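Sequence and predicted structure are below.
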Amino acid sequence: MEKATENGPNGAHSGRVGPTNPMVTPLLTDQYQFTMFYAYWKAGKHNERAVFDLYFRRNPFGGEYTIFAGLEECIRFISTFKFTEEEIAFVRESLPPSCEDGFFDYLREIDCSDVEVYAVSEGSVVFPKVPLLRVEGPVAVVQLLETPFLNLINYASLVATNAARHRFVAGKSKILLEFGLRRAQGPDGGIGASKYCYLGGFDATSNVAAGKLFGIPLRGTHSHAFVSSFMSPDEIIDKSLHSSDGSSICEDFVSLVQKWLSKIQWSGSSHGSFGETNQSELAAFTSYALAFPNNFLALVDTYDVIRSGIPNFCAVALALSDLGYKATGIRLDSGDLAYLSCEARKFFVAIENDFGVPGFGKTAITASNDLNEETLDALNKQGHEVDAFGIGTHLVTCFAQPALGCVFKLVEINDQPRIKLSEDVSKVSIPCKKRCFRLYGKEGYPLVDIMTGENEPSPQVGERILCRHPFNESKRAYVVPQRVEELLKCYWPGTSDKAKEDLPPLKDIRKRCMEQLEQMRPDHMRRLNPTPYKVSVSAKLYDFIHFLWLNEAPVGELQ
Ligand SMILES: Nc1ncnc2c1ncn2[C@@H]1O[C@H](COP(=O)(O)OP(=O)(O)OP(=O)(O)O)[C@@H](O)[C@H]1O
Ligand SMILES: O=P(O)(O)OC[C@H]1O[C@H](OP(=O)(O)OP(=O)(O)O)[C@H](O)[C@@H]1O
Ligand SMILES: O=C(O)c1cccnc1
Ligand SMILES: [Mg+2]
């Protein structure tokens, strides 16, 4: 397998080949894929042409939409799919000794050059039952792809959807920062979370490795440890700071800060809300400003937000302002974030008015601490003054729902449609090699997704088409689409002569995701009781599903 090289951001355009995570090898699969593989080979079936669909059955987080993510990694995986000698030796050890040598020679030969992958574009809004991927090829090889493909898509799509839902509640104007690395499920969980939260609408991450790998903007503040590591302003040795234009130097920035602190104390801005502030906190803020005069942001809740953190921040920010710098803002990491952000805003506005510092009232307020969709929603209802949210644990661990149940099902072999039956109708698979379309209505919204047999004529703009619920006879509707979008596109043509879609850079996938979310009808998107989006099959496919169902289901006998 070719080794991944990391010579620049943006995934596909970085020159990297193969999966991002070197642990993604042909062995990253379930043992039963190899036992089936051997049995297919032994039965002489391994080269039979099979079609599998990868899809999920229910949208996550109680919502009615999902964001599809993980495609690029699947394509990277098959692009370098090949067993090494070491891997073949391990498979040999892990199978019973009776397995014939010829099988291992066959294993040595295989790659994915004869596999075709049709997929929905990454970053699309997608719905249950509609294939996200249609994978065609020799049954034994495609079978092996089940587990790694599901692994690469399930979490990616889940966390991208989680990010999109957080973005929806926060609103477009807010900055969303992903802070989850320390709480993520291991290194791959952390890297994946950063990549796919960005895809789902976050603005930046604190994860430096993800910044390097994918070109995601990096953002960060500082921690309580930095604040509490200082004891007093006397610790600060180099107190000098050049003005922002370099024309002058302030020899004692620490005294300038102290001067501003007493001015604030005696001005109307404080409304007598504080007396002595914490001097070790002031030392920490002053030091941080000396290190980053152009990016001064202070975590203000180590001792007391109102009585210490905010006035200390303002004193340092005003001293910076004297030298021509503009402080960035504060971060709140505990307490009532609605109340504290409003108090902070009032304080900043009062400072702007009392001391004539234009723009000070708009100083940015970042909030963090166990945030999730619900807390964001509660903050919105209460009213708050937060400009940016830093979100970690709930976002990256997908606390509200830990897995998206994508499955990989055989739908056709040797041109023969196959079906998987279940007592639970939602688990009955939709047979046949299919094409999938999104039909748009008069108002520009997507109305319905429809699956058809491969050889049926495609739906046409302006032509009425019957869309049927795949399993419920009485649910059907005629649609006259104003626009028809074919959903499954060729991302890996195998030996066919189909043109191959490009894998776009991450920021283009993110843009696609934002645009797709934007065009959805609002009632599908709302958090409380959203309207399900319609997923349907053509009349012909409907008839065929039910014919096959009756054909395959044994008839019971009553005694
Ligand atoms: N106005 C608000 N409305 C609803 N939830 C809020 C509001 N402000 C903060 N929260 C949430 O309430 C929870 C507060 O948690 P908790 O009481 O454990 O933290 P804290 O005591 O404020 O901070 P820490 O324990 O980190 O010092 C967090 O999940 C936070 O996101
Ligand atoms: O709360 P999350 O959504 O996971 O966001 C990330 C958290 O990580 C940091 O502190 P950490 O939790 O490590 O320490 P703390 O509990 O003292 O804030 C940060 O201050 C946030 O609170
Ligand atoms: O930069 C931050 O403020 C940050 C980063 C990770 C976790 N919590 C906070
Ligand atoms: Mg915390």
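Now that the structure is in, tell me what you want to look at. Ligands and ions are numbered 1, 2, ... in the order given.

For ligand 1, what's the nearest residue on the stretch 1-150 of the chain?
Phe61 (17.7 Å; CB to the nearest ligand atom). In short, each C-beta sits where N, CA and C put it, glycine included.

Could you do the stretch 351-500 of the chain as well?
Distance from ligand 1 to each residue of the stretch 351-500 of the chain (CB to the nearest ligand atom) is smallest for Asp370, at 3.3 Å.

what number of residues lie near that residue?
12 (other CB atoms under 10 Å).

quick one: it and His394 touch, right?
Yes: counting by CB atoms under 8 Å, His394 is a contact partner of Asp370 at 6.9 Å.

Just list the residues touching the residue of the stretch 351-500 of the chain closest to ligand 1, thanks.
By CB atoms under 8 Å, 6 or more residues apart in numbering, Asp370 lies in contact with Thr393, His394.

That one and Gly190: what is the separation?
Asp370 is 18 Å from Gly190, where distance means CB to CB, to the nearest Å.

With Gln401 instead?
For Gln401, the distance to Gly190 - CB to CB - is 19 Å.

Next: Val537.
Taking CB to CB, one finds Val537 at 40 Å from Gly190.

Between these two, which is the more surrounded one?
Taking other CB under 10 Å, Val537 and Gly190 do not tie; Val537 has more neighbours (27 against 21).

quick one: contacts for the more buried one?
When contacts are counted by CB under 8 Å, 6+ apart, Val537 touches Ile430, Ile450, Met451, Thr452, Cys467, Arg468, His469, Pro470, Ile545.

SS state for Cys436?
Secondary structure for Cys436, judged by DSSP: H, G, I helix; E, B strand; the rest coil, is strand.

my guess is it meets Gly453, correct?
No: at 11.3 Å, Cys436 does not count as touching Gly453 under the criterion of CB under 8 Å.

more neighbours, these two?
Between Cys436 and Gly453, Cys436 has the larger neighbour count (other CB under 10 Å), namely 24 against 16.

how about the more buried one, what does it touch?
Counting by CB under 8 Å, 6+ apart, the residues that Cys436 touches are Val120, Val130, Pro131, Asp449, Ile450, Met451, Thr452, Glu486, Leu487, Leu488.

The same query, at a cut-off of 10 Å, please.
Applying CB atoms under 10 Å, 6 or more residues apart in numbering, one finds that Cys436 lies in contact with 53, 55, 118, 120, 126, 129-132, 134, 449-452, 485-488, 535, 537.

I'd like to know which residues of the stretch 151-300 of the chain are adjacent to ligand 3.
Phe179, Ser206, Gly220, Thr221 (CB under 6 Å from any ligand atom).

How much space separates the second one from ligand 1?
Counting by CB to the nearest ligand atom, to the nearest Å, the gap between Ser206 and ligand 1 amounts to 17 Å.

Local confidence estimate at that residue?
Looking at Ser206, its pLDDT stands at 98.

ok, now the third one?
On pLDDT, Gly220 comes in at 96.

give me the number of residues near it?
Gly220 has 16 neighbouring residues, counting by other CB under 10 Å.

same check, this time on the last one
The burial metric for Thr221, expressed as a neighbour count using other CB under 10 Å, is 22.

who touches it in this structure?
Contacts for Thr221 (CB under 10 Å, 6+ apart) come out as 177, 179, 206, 288, 295, 297-299, 328-331, 333, 366, 368, 388, 390.

Give me the buried entries from these.
Buried members of the contacts of Thr221, scored by 16 or more other CB atoms under 10 Å, are 177, 179, 206, 288, 297-299, 328-331, 333, 366, 368, 388, 390.

Point out the residues in this structure that sit beside ligand 2.
Contact residues (CB under 6 Å from any ligand atom) of the chain with ligand 2: 179, 182-183, 224, 333, 368-371, 390-394.

swap the cut-off to 8 Å and go again
179-180, 182-183, 223-224, 299, 331, 333-334, 368-372, 390-395 (CB under 8 Å from any ligand atom).

Which members of the residues you listed occur in helices, if any?
Among the residues of the chain next to ligand 2, the members found in helices (DSSP state H) are His224, Thr393, His394, Leu395.

is it true that Val125 touches Pro446?
Yes: Val125 is within contact range of Pro446, at 7.9 Å (criterion: CB atoms under 10 Å).

Let me know whether Leu290 touches Ile236 as I believe.
Yes: with contact defined as CB under 10 Å, Leu290 reaches Ile236; the gap is 7.3 Å.

what do these two both touch?
Common contacts of Leu290 and Ile236 (CB under 10 Å, 6+ apart): Phe253, Val254, Val257.

and the helix or strand the last one falls within, what other elements does it pack with?
Same thing as Val257. Using DSSP states H and E, Val257 sits within helix 253-266. Judged by 3 or more CB pairs under 10 Å, 6 or more residues apart in numbering; DSSP states H and E, the packing partners of helix 253-266 are strand 241-242, helix 279-291, helix 310-322, helix 337-355.

any chance you could map the helices in the stretch 451-559 of the chain?
For the stretch 451-559 of the chain, the helices defined by DSSP state H, counting those that start in this stretch cover 506-518, 522-525, 539-552.

Reformat those as TSV; add mean pLDDT and distance to ligand 3.
Formatted as TSV, those follow (pLDDT from 0 to 100; distance: least, CB to the nearest ligand atom, whole Å):
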stretch	mean pLDDT	distance to ligand 3
helix 506-518	98	21
helix 522-525	98	29
helix 539-552	93	49
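
Pick the most buried one from these.
Ranked by mean neighbour count, the helices of the stretch 451-559 of the chain are led by helix 506-518 with a mean of 19 (mean count of other CB atoms under 10 Å).

same for it, what does it pack against?
Helix 506-518 packs on strand 66-67, helix 71-79, strand 125-126, helix 139-170, helix 186-199, helix 208-214, going by 3+ CB pairs under 10 Å, 6+ apart.

Reformat those as JSON lines; add distance to ligand 1.
Formatted as JSON lines, those follow (distance: least, CB to the nearest ligand atom, whole Å):
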{"stretch": "strand 66-67", "distance to ligand 1": "24"}
{"stretch": "helix 71-79", "distance to ligand 1": "32"}
{"stretch": "strand 125-126", "distance to ligand 1": "28"}
{"stretch": "helix 139-170", "distance to ligand 1": "13"}
{"stretch": "helix 186-199", "distance to ligand 1": "18"}
{"stretch": "helix 208-214", "distance to ligand 1": "24"}
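
Dump these to TSV, plus distance to Leu261.
Shown next, in TSV, are those (distance: least, CB to CB, whole Å):
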stretch	distance to Leu261
strand 66-67	48
helix 71-79	52
strand 125-126	51
helix 139-170	34
helix 186-199	38
helix 208-214	34
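
Show me what the helix or strand encompassing Lys381 packs onto, helices and strands only.
Element membership of Lys381 [criterion: DSSP H and E] is helix 373-382. With contacts defined as 3+ CB pairs under 10 Å, 6+ apart, helix 373-382 has these neighbours: helix 139-170, helix 337-355, strand 364-368, strand 388-391, helix 393-396.

8 Å - rerun?
With contacts taken as 3 or more CB pairs under 8 Å, 6 or more residues apart in numbering; DSSP states H and E, helix 373-382 sits against helix 139-170, helix 337-355.

which parts of it are buried?
Neighbour counts over helix 373-382 (16+ other CB under 10 Å) mark Glu373, Thr375, Leu376, Leu379 as buried.

tell me the domain ranges of this structure?
Domain assignment for the chain by automatic domain parsing gives 2-164+401-552, 221-386.

can you tell which of the ones you listed is closest to Leu199?
domain 2-164+401-552 (5.0 Å; CB to CB).

Just the buried residues of the contacts of Cys436.
Among the contacts of Cys436, the ones that count as buried (16+ other CB under 10 Å) are 53, 55, 118, 120, 126, 129-132, 134, 449-452, 487-488, 535, 537.

Of those, which belong to strands?
Asp53, Tyr55, Tyr118, Val126, Arg134, Asp449, Ile450, Met451, Thr452, Val535, Val537 (DSSP state E).
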